[in-house]
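**Student:** One predicted model, sequence on top.
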Amino acid sequence: MNTLYYGDNLRILREYIKDETVDLIYLDPPYNSNRNYNVLFRDESGAEAEAQITAFEDTWHWNEAAERPYHDLILQADDVSRIIEAFRSFIGTNQMMAYLVMMAARRGELHRVLKPTGSLYLHCDPI
């Protein structure tokens, strides 16, 4: 394929990647750390400059962006949808639920594109 995609991986998976076409998935997901990660710039001496930009916000919120994939998951009427629905009834609509919905939606797409002989490597940091 030799193509690099930039953007939301859920949209990329759904729009560009066909079923059972991927041999290897290396997954290093966000961890719901409730932190912002910045890119720090250094001046010519190597000292940190005050300038920085946010590289990634690892904070999730229950809003319309979480509600849409939640409803998509529920419509699938499978084991994952039942688990997600149970979680929502138990913990409500909060940051953790938004994170779980985000991860569950992507898990389904990753499973769809992975070949039967493919492998998925999940990077997990110790807590």
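**Tutor:** Everything's here; your move. Residues are numbered from 1 along each chain as shown.
**Student:** in the chain, which spans are helices?
**Tutor:** For the chain, the helices defined by DSSP state H cover 9-16, 64-75, 79-91, 95-113.
**Student:** Okay, the residue most central in space within the chain and Asn2: tell me how far apart.
**Tutor:** Geometric centre of the chain, nearest residue: Met103, 5.0 Å, by CA atoms, centre = their mean. As judged by CB to CB, to the nearest Å, Met103 and Asn2 stand 28 Å apart. The way it works is simple: take the backbone N, C-alpha and C, and place the C-beta from them, glycine included.
**Student:** likewise Gln76?
**Tutor:** Going from Gln76 to Asn2 by CB to CB gives 32 Å.
**Student:** where in this structure is pLDDT low?
**Tutor:** Counting by pLDDT under 70, the chain shows low-confidence ranges at 1, 37-56, 126-127.
**Student:** Kindly recompute the last result at 80.
**Tutor:** Applying pLDDT under 80 to the chain picks out residues 1, 30-59, 124-127.
**Student:** Against Ala104, how distant is Arg68?
**Tutor:** For Arg68, the distance to Ala104 (CB to CB) stands at 13 Å.
**Student:** let me fix that: Thr93
**Tutor:** Going from Thr93 to Ala104 by CB to CB gives 15 Å.
**Student:** out of the two, which sits in the busier spot?
**Tutor:** Neighbour totals were compared for Thr93 and Ala104, and Ala104 leads with 19 against 15 (other CB atoms under 10 Å).
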